[in-house]
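**Student:** Below: sequence and its predicted model.
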There are 2 protein chains.
Amino acid sequence: MPAAVRIVEVGPRDGLQNEKIDIGTAHKIELINRLSNTGLRSIEAAAFVSPKWVPQMADASDVMAGITRAPGIRYPVLVPNEAGYARALAAGATEVAVFTAASETFNLKNTNAGIDESLARFAPILERAKQDGIQVRGYVSTVLGCPYQGDVPLRDVVRVATALHAMGCYEISLGDTIGIGTPAKARAMLSAVASEVPMAALAIHFHDTWGQALANVLACLEEGVTVVDAAVSGAGGCPYAKGASGNVASEDVVYMLHGLGIHTGIDLPKLADTGRWLARLLGRETGSKAGKAMAA
Amino acid sequence: MPAAVRIVEVGPRDGLQNEKIDIGTAHKIELINRLSNTGLRSIEAAAFVSPKWVPQMADASDVMAGITRAPGIRYPVLVPNEAGYARALAAGATEVAVFTAASETFNLKNTNAGIDESLARFAPILERAKQDGIQVRGYVSTVLGCPYQGDVPLRDVVRVATALHAMGCYEISLGDTIGIGTPAKARAMLSAVASEVPMAALAIHFHDTWGQALANVLACLEEGVTVVDAAVSGAGGCPYAKGASGNVASEDVVYMLHGLGIHTGIDLPKLADTGRWLARLLGRETGSKAGKAMAA
C-alpha cells in the first residue's frame, strides 16, 4: 500500500457534465473554490468541448476566469482537439487533458474517430503544450469493458496508455467508464499497463455503476497506484445505464484511504460539506455514503 | 481467495427489521420463497423477539408456517432468549441465531444486559438446541466500532466470538453494525478472531453506512473468509445514522464474487429481480447498484 495518495477531483467536469441539472457558472466557480479549500491538489475544472454536444460545459472560459487559483493546485481542463486547446489556453489553463478509449468501437461512436486517428489528433496538441509549458494528462476510457463491444483486450489498454505516455502525457488515467469491472480484473489491467508505463505516472478512474468502485480502488492500491480520480458527492451518471450512479464519491475514497493510514492531505469534513452543498444544488441526496453518515 | 463463498441472505430479517415500511406477512413469505429459488443456501427468515420492540417481526410464526422450505437450504431465525427459542421451535425452526455485542456499552443499551449476562443467557439455549438437534449461529455486533463507546478493542471481539464458538455455535458472524470499518481494520479483526476460532466457522456481516462494505468484504476474502452475510436490495437501515444505508446488497457482493471467479451457486439475474421487486414494495429504488445497472 502506498503511504500517500493524490486524489484528482473530477466532480466539476466529469461529474457535472453528466448531471441533468446545470448548476450555473457562479455555482461552478463556488464549487471549485470550495474544493480548493479542502486540501485537494488536483481539481479538473472544465471541458473545452463543443457546447452543441456538451451544453453543461459551454461556460468553461467564464469558469476559468472566475475561480481563485490556489498555489500548488492543478486545474486541468479537458480538450478534444487543437481548437479546444487554443480556447483553454486563452482562458488561462496551465494544464489540459486529452482522452481516447481503449475500445475502437467506443471511440468511433463517442468521438467519430478511430483510436489511431484520436492519437494522431493529440500529437500537435502535445507538441504545442511542450512549447507553451502546459502539462498534459491523458485519459483512457473503457479499460475494463465497453458498452458496445463488451470485453476490451488488455493489450489494447496497454497500447493506448503507452502511446499517450510516449507522446508526453505526464499522467495516464485509466477509466472504467461503465463501472463494470471487479477487483481482480482492475488489478490485472493496472499491472499490465504498469509493465510499460511507470506506476507513478498512472491514475485510476472508476465509476460506481455496478457498486464495485471502492473495492476496485482497494485492489489497485494493493498493486501500488498512488493517484485516484473521484468526484465529490459521487457527481455524474452513466449515459450507458439510465439512473445508474457515476464517479466513485471522493468522500468515500478519502474515508477509506484515511482508514488505511494513507495520507491525502484532505480535510474530509470540509469535503463532505461541499458534497452535500453540491447535492442540494443538484436537487438530490449526496451520492456519498460517508457524506451521508457524517451528516447523521 | 476462496474458491467458493456461501452467502447468508439476511434481507428478510435484518433488512426488513430495519425498514420503516412493513411489507406484510404474505409478501415476507413470497420474498423468502423467491430467494429460495435463486440458489441461496442460507436465508435468515425471521426473528422471535418482542413485538413490542420489533413490531416488524411480530408475524414470525406465520412467516415460518407459510414458507416453502427447499431441501438443502438453511432458514435460521433470531432468538434473544429461551422464550424466543421455544416460540421458534414451535414454529418449526431447525436453526436459530443468538446475538451479542463486542461492545459492553452497546450490549447494555441494546439488550439491557452486559455481555457476560447475554452469554450466560445463551448457555441453556445452546444446551436445549443440542438436545433438539437444532443448529445455532452466533452474531457478534459492533466488531469494528460502537456508536456509544467508539473503538472496540480487538480482544473483546475475540473473547465474545470464542465464547460463542465454545458454547456450540457452528458459525460466528462478525458484524460491523454501524458500517464504520475500513479494509485493513476489517482484515485485522478477522485475522485476530481466526487465531482462536477456525476460519471455516466465521462469517462477515458488514453494513454499508460509510460506503465501505464491499471493500471490506474484499479484504476479508483475501484473508480467507468463506461466508458473507448480505441483504437483497441492500434492505435495512442504520438506527444510529438516520437515512443511511443498511446491509451490503447481496447483488453487489455476488457480482463481485463472480467477477473474482468465486463460486456462489447463485443466479444473479434472479436475485436482482427479487431485489427490485422488494424495493418496489418498500417504495424506493433498489439499494443495489448492480441491481440497478442490470435493469438499465
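**Tutor:** Noted; the coordinates are in hand. Numbering: from 1, shown residues only, chains lettered A, B, ... in the order given.

**Student:** Am I right that A:Ile204 falls within a strand?
**Tutor:** Yes: per DSSP: H, G, I helix; E, B strand; the rest coil, A:Ile204 lies within a strand segment.

**Student:** State the distance from it to A:Ala186.
**Tutor:** Separation of A:Ile204 from A:Ala186 (Cβ to Cβ, to the nearest Å): 7 Å. All C-beta spots, glycine's among them, are computed from the backbone N, C-alpha and C.

**Student:** Between the two, which contacts overlap?
**Tutor:** Shared contacts of A:Ile204 and A:Ala186 (Cβ atoms under 8 Å, 6 or more residues apart in numbering or on different chains): A:Asn216, A:Cys220.

**Student:** longest helix anywhere in chain A?
**Tutor:** The single longest helix within chain A, with elements called by DSSP state H, is helix A:115-132.

**Student:** what's in contact with that one?
**Tutor:** Counting by Cβ under 8 Å, 6+ apart, A:79, A:81-82, A:85, A:89, A:96, A:98, A:100-102, A:104, A:107, A:111, A:113, A:134-136, A:138, A:156, A:160, A:163-164, A:167-169 sit against helix A:115-132.

**Student:** Out of those, which sit inside strands?
**Tutor:** A:Val96, A:Val98, A:Thr100, A:Ala101, A:Gln135, A:Val136, A:Gly138 (DSSP state E).

**Student:** Now render those as a markdown table, adding neighbour count and pLDDT.
**Tutor:** Listed next are the ones in strands among the contacts of helix A:115-132 as a markdown table, based on neighbours: other Cβ atoms under 10 Å in any protein chain shown; pLDDT from 0 to 100:
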| residue | neighbour count | pLDDT |
| --- | --- | --- |
| A:Val96 | 24 | 98 |
| A:Val98 | 24 | 97 |
| A:Thr100 | 28 | 96 |
| A:Ala101 | 28 | 96 |
| A:Gln135 | 18 | 98 |
| A:Val136 | 23 | 98 |
| A:Gly138 | 27 | 98 |
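
**Student:** Looking at those residues, spot the one nearest chain B.
**Tutor:** If you rank those by distance to chain B using Cβ to the nearest Cβ, A:Ala101 comes first, at 19.5 Å.

**Student:** partners of that closest one in the sheet?
**Tutor:** In this structure, A:Ala101 bridges to A:Ser141 when assessed by DSSP bridges.

**Student:** List the contacts of it.
**Tutor:** When contacts are counted by Cβ under 8 Å, 6+ apart, A:Ala101 touches A:Asn107, A:Asn110, A:Thr111, A:Ile115, A:Val140, A:Ser141, A:Thr142, A:Cys146, A:Val160, A:Thr177.

**Student:** for chain B, what are the nearby residues on chain A?
**Tutor:** Within chain A, the residues that sit near chain B (Cβ under 8 Å from any Cβ of the partner chain) are A:179-185, A:208-212, A:214-215, A:217-219, A:238, A:240-245, A:249, A:252, A:255-256, A:258-261, A:285, A:288-290, A:292-293, A:296.

**Student:** show me where the stretch 1-150 of chain A has helices.
**Tutor:** For the stretch 1-150 of chain A, the helices defined by DSSP state H, counting those that start in this stretch occupy A:16-17, A:25-36, A:60-66, A:82-90, A:104-111, A:115-132.

**Student:** right, and those helices - which one's nearest B:Asp22?
**Tutor:** Nearest of these to B:Asp22, taken as Cβ to Cβ: helix A:16-17 at 39.6 Å.

**Student:** And the contacts of the closest one?
**Tutor:** Residues outside helix A:16-17 that contact it (Cβ under 8 Å, 6+ apart) are A:Asp22, A:Ile23, A:Lys28, A:Ala47, A:Val54, A:Gln56, A:Met57, A:Ala235, A:Gly236.

**Student:** same check, this time on stretch A:80-93
**Tutor:** A:45, A:47-50, A:60-61, A:64-65, A:75-79, A:96, A:98-99, A:111, A:121, A:124-125, A:128-129, A:132, A:134.

**Student:** Distance from that stretch to the middle of the chain?
**Tutor:** Its chain's average C-alpha position is 18 Å from that of stretch A:80-93, according to Cα atoms, centre = their mean, to the nearest Å.

**Student:** What residues sit buried inside it?
**Tutor:** A:Pro80, A:Asn81, A:Gly84, A:Tyr85, A:Arg87, A:Ala88, A:Leu89, A:Ala91, A:Ala93 (16 or more other Cβ atoms under 10 Å in any protein chain shown).

**Student:** Quick check: pLDDT value at the first one.
**Tutor:** Reported pLDDT at A:Pro80 in the predicted model: 94.

**Student:** How about the fourth one?
**Tutor:** You'll see A:Tyr85 listed with a pLDDT of 98.

**Student:** same check, this time on the one 5 residues further on
**Tutor:** Here the pLDDT value assigned to A:Ala90 is 98.

**Student:** then stretch A:287-296 to PDB, C-alphas only?
**Tutor:** Extracted in PDB, the C-alpha atoms of stretch A:287-296 (Å, rounded to 0.1, in the frame of the first residue of the first chain):
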ATOM      1  CA  GLY A 287     -24.200  10.100  -3.600                       C
ATOM      2  CA  SER A 288     -21.500   9.700  -0.900                       C
ATOM      3  CA  LYS A 289     -22.400   7.300   1.800                       C
ATOM      4  CA  ALA A 290     -19.700   8.600   4.000                       C
ATOM      5  CA  GLY A 291     -21.000  12.100   3.400                       C
ATOM      6  CA  LYS A 292     -24.500  11.000   4.400                       C
ATOM      7  CA  ALA A 293     -23.200   9.200   7.500                       C
ATOM      8  CA  MET A 294     -21.200  12.300   8.600                       C
ATOM      9  CA  ALA A 295     -24.300  14.400   8.400                       C
ATOM     10  CA  ALA A 296     -26.300  12.000  10.600                       C
END
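
**Student:** Where does the stretch 1-150 of chain A get nearest to chain B, residue-wise?
**Tutor:** Across the stretch 1-150 of chain A, the shortest distance to chain B (Cβ to the nearest Cβ) belongs to A:Met1, at 8.0 Å.
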